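>>> Provided below are the primary sequence and the corresponding predicted coordinates.
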Amino acid sequence: MKGGTNGEKEETTPPAAILRICQQLDRPPTRATAKDGTRYTLDTRRAGGIETTTIRRAETKAERRARLKAEKRARGRHMKVNHLNIVQDEHAKNPPVSGSLESVFAFEQRVLARLALEFPGEKWGYLKKGGENTIQHNGETVKVGRVCDPSSQLYKIATDIPTTNDPIWNDDGILTEDFPGSTPGQWYMPFDGEVVDPPVDPPVDPPTDPDVQAQLDRIERNTEGNTTAINHLTVMMSNQFDHQEQMLKALSDQIAAIPGGGIPPTVVAMLQAILTASKAARVGHTQAFGGRMTIDAQP
């Protein structure tokens with residue numbers, strides 16, 4: 001036995017055995033159904049003088065359901081990490097705006113662009129469908145928040161559209177199985193590579209209250225006036241400190257020049273203390289005015 005294509009079983013046997021099998025068939029050997037209900041496809045070829053007939057037995061419905069279920073589970077295990085990460089990553093970069101279907105659709109397009117980049121063979125696209133949460137795109141009605149592959153496998157990528165729009169990757173079924181008789185082409189629309197973000201209104205400065213603006217203007221003028229007054233006061237106080245220190249120093253020099261040391265040492269110490277206090281006061285006022293006293297002081 002050999003594995004056939006599309007779930008069929010393939011067997012290569014000599015022509016004599018094929019003739020015995022054909023006696024049970026209701027149709028010509030190219031495509032037939034045995035009396036027990038088994039469907040066959042027969043393909044006879046001649047190569048090098050040898051004739052070989054291949055029998056392909058089609059899957060039963062039960063076998064097909066089991067195979068699709070196993071493939072679905074395998075694909076689900078493969079997708080839960082990689083595909084969900086893509087959805088979450090695009091959502092974190094630029095989450096859809098609540099209440100805006102256009103914003104959710106732009107998010108879906110970004111997800112499809114990433115899927116096309118990361119998994120080009122899977123060919124994820126749009127879901128063509130009417131009803132709620134749809135948008136017109138390239139002449140088709142597209143269901144927003146779901147992606148579809150060429151086999152009509154459907155996945156949902158956002159919750160409670162267009163309100164919460166949280167990122168998810170949830171299996172939403174195979175449409176051709178949910179709607180027997182339909183074809184994948186009725187549901188699947190290839191992704192065209194277009195990503196269009198919805199327009200964003202530019203920020204608008206709030207209107208200014210005329211009364212508030214007038215108050216701000218008065219505060220600014222008062223501040224400028226106060227700054228000028230402080231500068232004048234700083235210069236005046238600096239000049240007064242300079243004059244006081246000069247007088248104290250001259251008095252101290254005169255006392256020191258008296259012959260015989262007639263002035264008690266306590267008086268000399270008191271004058272020196274006054275001079276030291278004057279200098280300390282200058283330093284204190286200079287710091288209080290941010291150093292401007294020294295800068296603006298006139299000699």
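Okay, I see it.

>>> Please count neighbours and contacts with C-alpha atoms only from this point.
Noted.

>>> Unless I misread the structure, Asp160 falls within a helix.
No - Asp160 sits outside any helix when classified using DSSP: H, G, I helix; E, B strand; the rest coil, being coil.

>>> Next, give phi and psi for it.
phi 40, psi 60 (degrees, to the nearest 10).

>>> Now do the contacts for it.
Asp166 (Cα atoms under 8 Å, 6 or more residues apart in numbering).

>>> what's the spacing between it and Glu118?
For Asp160, the distance to Glu118 (Cα to Cα, to the nearest Å) stands at 26 Å.

>>> so where's the stretch 101-250 of the chain uncertain?
196-209 (pLDDT under 70).

>>> for the host helix or strand of Tyr126, packing partners?
According to DSSP states H and E, Tyr126 maps onto strand 125-128. Secondary-structure packing of strand 125-128 (3 or more Cα pairs under 8 Å, 6 or more residues apart in numbering; DSSP states H and E): strand 140-148, strand 188-190.

>>> Could you count how many residues lie near Asn222?
12 (other Cα atoms under 10 Å).

>>> May I have the secondary structure class of it?
helix.

>>> Name the nearest residue to Ser182, sequence neighbours excluded.
Thr176 (5.4 Å; Cα to Cα, 6 or more residues apart in numbering).

>>> Quick check, the one you found in contact with Pro150.
No - if you go by Cα atoms under 8 Å, Thr176 and Pro150 don't touch, sitting 10.8 Å apart.

>>> intersection of neighbour lists for these two?
Pro184.

>>> hang on, the residue nearest to Ser182 is in a strand, isn't it?
No - using three-state DSSP, the assignment for Thr176 is helix, not a strand.

>>> which residues does it contact?
Neighbours of Thr176 in contact, by Cα under 8 Å, 6+ apart: 152, 182-184.

>>> Dump those residues to JSON lines, plus neighbour count and distance to Lys72.
Shown next, in JSON lines, are the contacts of Thr176 (neighbours: other Cα atoms under 10 Å; distance: Cα to Cα, whole Å):
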{"residue": "Ser152", "neighbour count": "24", "distance to Lys72": "12"}
{"residue": "Ser182", "neighbour count": "13", "distance to Lys72": "19"}
{"residue": "Thr183", "neighbour count": "15", "distance to Lys72": "18"}
{"residue": "Pro184", "neighbour count": "16", "distance to Lys72": "16"}
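
>>> Now the two most distant members of those residues.
Within these, Ser152 and Ser182 form the most distant pair, 9.9 Å apart (Cα to Cα).

>>> For these two, list the residues in contact with both.
175-176.

>>> Determine the number of other residues adjacent to Ile86.
Residues near Ile86, counting by other Cα under 10 Å: 20.

>>> Spell out which residues sit in contact with it, please.
111, 114-115 are the contacts of Ile86 under Cα under 8 Å, 6+ apart.

>>> ok, for Gln244, nearest residue in space, not its chain neighbours?
Ser278 (7.8 Å).

>>> what about the one you found, how many residues close to it?
With other Cα under 10 Å as criterion, Ser278 counts 17.

>>> Alright, calling it a day.
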